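1. Need a 3D model of the following:
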Amino acid sequence: MPLTPTQRVLDATPLAACAFNVVLIEQLEAVVDGAERAGLPVIAQISENAVAYRGALAPLAAAARAAADTARVPVALHLDHATRVELIEEAVACGFTSVMYDGAHLPWERNVALTREIARWCHERGVFVEAELGEIGGKNGAHAPGVRTEPGEAARFVADTGVDALAVAVGTSHQMTERTAAVDLDLIRALHTAVPVPLVLHGSSGADDATLAAAVHAGMKKINMSTHLNTVFTGAVRATLDAGPAVVDPRRYLGPAREAMAVEVARLLRRLGAPAS
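-> The predicted structure follows:
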């Protein structure tokens with residue numbers, strides 16, 4: 001299969017590629033702007049939850065494609081945490097060349113079978129496939145904190161499914177608003193040795209900069225982040241409205257939020273994507 005935009009971003013990033021979730025167009029613009037400021041590739045992600053919030057994938061997908069096409073750095077578009085096959089099919093029809101199928105809640109045999117079929121279908125269409133094994137804690141209360149991915153099972157899962165990247169459970173948890181997660185670096189090293197495809201860290205908002213950098217050096221190749229950037233974005237909105245209670249024009253508070261998020265995107269890309277000079 002020819003290299004997809006996501007694989008090219010992974011290959012072009014000296015350390016780890018950063019993948020940032022977007023719900024609003026302002027957040028999408030912030031991701032692209034931040035990547036251009038850093039001079040590094042980036043992955044913009046739209047999750048199944050974001051699609052549910054907006055009521056449809058196509059409008060935000062069209063904006064994402066337009067932003068990626070005009071960016072001065074490579075921007076790959078990725079469908080995140082899809083549990084519905086029909087949404088994956090729609091994303092591919094909308095021009096996404098990278099998807100994550102999340103079957104981690106399923107029994108092993110069912111997860112393997114569905115993931116293998118999705119990977120086959122996607123590869124026939126030149127689409128990069130990420131999967132998940134070993135439940136990432138905190139996702140809608142469905143994944144228990146403390147779960148860890150076993151390296152031997154991870155290697156077997158990749159061999160049995162043919163996926164291009166694997167999200168693994170190593171101590172982070174989704175939707176953390178404090179950066180206090182304890183990441184198992186020894187487990188990351190073991191997984192990196194055992195698994196022949198890029199490893200993905202979900203729930204990265206729960207880990208501080210030093211921990212994320214250590215995880216990258218231990219073997220993580222794709223760092224997913226959503227909640228931390230939402231916190232930055234919302235904090236800027238709140239500060240603007242607190243300072244100006246009479247403000248009603250959304251551009252007056254969404255603009256500063258977009259700027260704050262772009263600054264943080266650029267900072268994270270430099271910190272995690274490029275070696276220190």
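2. other SSEs contacting the host helix or strand of residue 259?
-> Assigned by DSSP states H and E, residue 259 belongs to helix 250-273. Applying 3 or more CB pairs under 8 Å, 6 or more residues apart in numbering; DSSP states H and E, one finds that helix 250-273 contacts strand 17-21, helix 25-38, helix 209-218, helix 227-243. Any C-beta I mention is one placed from the backbone N, CA and C, and that applies to glycine too.
3. hmm, who's touching the second one?
-> Yep, that's helix 25-38 we're talking about. Identification of contacts with helix 25-38 by CB atoms under 8 Å, 6 or more residues apart in numbering yields 20-22, 41-42, 44, 60, 63-64, 67-68, 71-73, 75, 229, 233, 254-255, 257-259, 261-270, 273-274.
4. next one: the third one
-> When contacts are defined by CB under 8 Å, 6+ apart, helix 209-218 is touched by residues 15-16, 170, 179, 181, 183, 185, 188-189, 192, 201, 204, 207, 223, 271-272.
5. and the helix or strand containing residue 222, how far from the chain's centre?
-> Element membership for residue 222 (DSSP H and E) is strand 220-225. Relative to the centre of its chain, strand 220-225 is centred 7 Å away, using CA atoms, centre = their mean, to the nearest Å.
6. hey, C-alpha coordinates of that strand in PDB?
-> C-alpha atoms of strand 220-225 as PDB (Å, rounded to 0.1, in the frame of the first residue of the first chain):
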ATOM      1  CA  MET A 220       5.600   5.900  21.500                       C
ATOM      2  CA  LYS A 221       5.300   7.200  18.000                       C
ATOM      3  CA  LYS A 222       1.900   8.900  18.000                       C
ATOM      4  CA  ILE A 223       0.600  11.100  20.800                       C
ATOM      5  CA  ASN A 224      -3.100  11.800  20.900                       C
ATOM      6  CA  MET A 225      -4.400  14.800  22.800                       C
END
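7. what packs against that strand?
-> Checking 3+ CB pairs under 8 Å, 6+ apart, strand 220-225 ends up next to strand 17-21, strand 165-168, strand 199-201, helix 209-218.
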